[in-house]
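> need coordinates for the below:
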Amino acid sequence: MAGLENEPMVLCLLLLITISFGLSFICTVAELQRFEHPTKSHGTLSFLVIGDWGRKGEFNQSEVALQMGRIGKRLDIDFTVSTGDNFYDNGLEGENDPAFEESFTKIYTAKSLQKRWYSVLGNHDYRGDAEAQLSPLLRKVDSRWICLRSFLVNAEIAELFFVDTTPFVEEYFTEKEHTYDWRGVTPQKTYTAEVLKEIESALRQSTAKWKIVVGHHAIRSVGHHGDTQELIQRLLPILKAYNVDFYMNGHDHCLEHISDNESPIQFLTSGAGSKAWRGDVKELNREDVKFFYDGQGFMSVQLTQTESVIVFYDVFGTVLHRLTTFKQLHSAI
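I've put the predicted structure just below:
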């Protein structure tokens with residue numbers, strides 16, 4: 001029975017180790033996967049934003065891609081952001097679906113677009129094999145492709161927080177017309193609560209000059225789908241609490257800029273990567289609607305420590321709208 005006199009001490013050590021590992025696990029779960037993307041040597045950052053695009057070049061997708069390549073070269077972009085609905089009509093059928101190359105690799109061929117593409121899933125992506133789009137195997141087909149449910153890109157002067165918004169929308173869980181791939185996101189309430197906790201934790205810790213949140217669904221929109229009430233109720237209060245500058249989304253097949261009446265946050269829709277021209281627009285005369293375009297196009301973002309310039313372009317590369325925002329540069333005392 002030698003050694004039993006030390007049993008209480010051994011049990012205490014085991015308990016401490018268990019608690020330590022348990023706490024470590026909890027912290028890991030609550031953190032978004034992080035990608036580092038440093039700014040240029042002179043401290044600037046630029047990228048394009050495109051959404052609702054994957055139609056094998058049809059509905060002017062190829063024409064929009066051509067102008068993205070031209071503008072991307074002129075701005076010397078660092079990466080591209082996709083706001084979801086990456087492959088129509090029903091996502092990918094699997095990791096080997098030729099639609100990935102036919103709608104992505106073979107369309108965005110310009111040299112300036114051969115940088116990382118940070119992408120979120122849209123509701124149409126969930127109608128197929130959603131996990132296929134998240135698979136690292138796609139990066140072997142095209143190394144640009146980075147798609148996760150929710151994640152963070154640290155670009156030094158800016159941090160981009162990508163949010164998986166589709167599971168927040170209640171109607172997708174009750175409608176009978178389409179089937180959704182809910183693997184990995186159920187139970188819904190638990191999953192969405194964890195997403196919000198991760199986003200809030202990341203925003204709280206962020207020291208970036210610019211905070212940008214990206215999701216598929218609009219918080220504010222006067223387009224076909226309009227506002228997403230679930231995001232207004234659950235996500236928007238977090239964005240306001242942590243001084244988010246821009247919320248960028250797709251879903252509505254248009255380009256728009258809407259301001260917030262209670263905070264500096266600007267709502268920017270870039271969901272015009274292919275099929276557009278729906279023709280049903282709501283409340284264009286509202287004071288908070290700064291710009292709306294019911295057609296195809298994309299958006300560019302240029303950032304410095306003190307200034308952001310966001311530009312909307314149509315399918316011909318013509319500038320439609322420009323938003324410039326300034327911030328004070330605070331020096332250390």
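> show me the shaky parts of the stretch 201-333 of the chain.
330-333 (pLDDT under 70).
> which parts of it are strands?
210-215, 246-249, 255-259, 266-270, 289-293, 297-303, 307-314, 319-326 (DSSP state E, counting those that start in this stretch).
> how far off centre is the last one?
The one in question is strand 319-326. Here strand 319-326 shows a centroid-to-chain-centroid distance of 20 Å under the convention CA atoms, centre = their mean, to the nearest Å.
> N285 - how many residues pack around it?
6 (other CB atoms under 10 Å). C-betas here are computed from N, CA, C, even on glycine.
> which residues are in contact with it?
Counting by CB atoms under 8 Å, 6 or more residues apart in numbering, N285 touches no other residue.
> ok, it to R220 distance?
15 Å (CB to CB, to the nearest Å).
> residue closest to the middle of this structure?
With distances taken as CA atoms, centre = their mean, V214 lies nearest the centre of the chain, 3.2 Å away.
> my read: it touches G51, true?
No: contact criterion CB atoms under 8 Å: V214 and G51 do not qualify, at 9.5 Å.
> shared neighbours, these two?
With CB under 8 Å, 6+ apart, V214 and G51 have common neighbours 83, 249.
> doesn't Y180 fall inside a helix?
No: going by DSSP: H, G, I helix; E, B strand; the rest coil, the assignment for Y180 is coil, not a helix.
> per-residue pLDDT, it?
Note for Y180: predicted pLDDT of 98.
> number of nearby residues for it?
19.
> what's the separation between it and L138?
20 Å.
> so what's L152 up against?
Listed by CB under 8 Å, 6+ apart, the contact set of L152 reads 32-35, 159-162, 202.
> oh, I was asking about D181
Counting by CB under 8 Å, 6+ apart, D181 has contacts 91, 126-131.
> select only the buried ones of the residues you listed in ChimeraX?
A single ChimeraX command selects the buried members of these (16 or more other CB atoms under 10 Å):
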select :91,126,127,128,129,130
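> quick one: which of the contacts of D181 sit in strands?
Of the contacts of D181, none are assigned to strands by DSSP state E.
> now, the most widely separated pair of the contacts of D181?
R127 and E131 (13.0 Å; CB to CB).
> burial of the closest residue to S259 other than its chain neighbours, as a residue count?
Leaving aside its chain neighbours, S259 sits nearest to D288 (4.9 Å; criterion: CB to CB, 6 or more residues apart in numbering). D288: 14 surrounding residues under other CB under 10 Å.
> ok, now G51?
Around G51 there are 30 residues (other CB under 10 Å).
> once you drop chain neighbours, what's closest to it?
G51's closest residue in space is G250 (CB to CB, 6+ apart), at 2.5 Å.
> I'd say the one you found and N86 touch.
No: with contact defined as CB under 8 Å, G250 does not reach N86; the gap is 9.5 Å.
> now do the shared contacts for these two.
Listed contacts common to G250 and N86 are G122; contacts here mean CB under 8 Å, 6+ apart.
> still on that earlier bit, my guess is the residue nearest to S259 contacts I265. True?
No: using CB under 8 Å, D288 is not in contact with I265, being 11.2 Å away.
> quick one, which of the contacts of L152 are buried?
Among the contacts of L152, those buried by neighbour count (16+ other CB under 10 Å) are 32, 35, 159-162, 202.
> ok, so of these, who is nearest Y191?
Among the buried ones among the contacts of L152, L32 lies closest to Y191 (CB to CB), at 14.1 Å.
> turn the strands of the stretch 201-333 of the chain into a markdown table, including distance to V185.
Formatted as a markdown table, the entries for the strands of the stretch 201-333 of the chain read as follows, by distance: least, CB to CB, whole Å:
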| stretch | distance to V185 |
| --- | --- |
| strand 210-215 | 14 |
| strand 246-249 | 19 |
| strand 255-259 | 28 |
| strand 266-270 | 24 |
| strand 289-293 | 32 |
| strand 297-303 | 28 |
| strand 307-314 | 31 |
| strand 319-326 | 33 |
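> and these: which comes nearest Q114?
Closest among those, once you apply CB to CB, is strand 297-303, at 16.7 Å.
> for the stretch 1-150 of the chain, just list every one of the helices.
7-29, 61-75, 99-100, 123-126, 130-134, 137-141 (DSSP state H, counting those that start in this stretch).
> would you single out the least confident of the ones you listed?
helix 7-29 - the lowest mean pLDDT of these, at a mean of 39.
> can you give me the first-to-last residue distance of stretch 44-58?
Taking CA to CA, to the nearest Å as the measure, stretch 44-58 stretches 34 Å from start to finish.
> quick one: mean pLDDT over that stretch.
When pLDDT is averaged along stretch 44-58, the result is 98.
> tell me which residues in it are buried?
44-57.
> please enumerate the strands of the stretch 51-200 of the chain.
79-82, 117-119, 145-147, 151-154, 158-163.
> deepest in the core, which of those is it.
Highest mean neighbour count among the strands of the stretch 51-200 of the chain (mean count of other CB atoms under 10 Å): strand 158-163, with a mean of 26.
> elements contacting that strand?
strand 151-154, helix 188-205, strand 210-215 (3 or more CB pairs under 8 Å, 6 or more residues apart in numbering; DSSP states H and E).
> using CSV, lay out those together with distance to G273.
Converted to CSV, those look like this (distance: least, CB to CB, whole Å):
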stretch, distance to G273
strand 151-154, 20
helix 188-205, 25
strand 210-215, 14
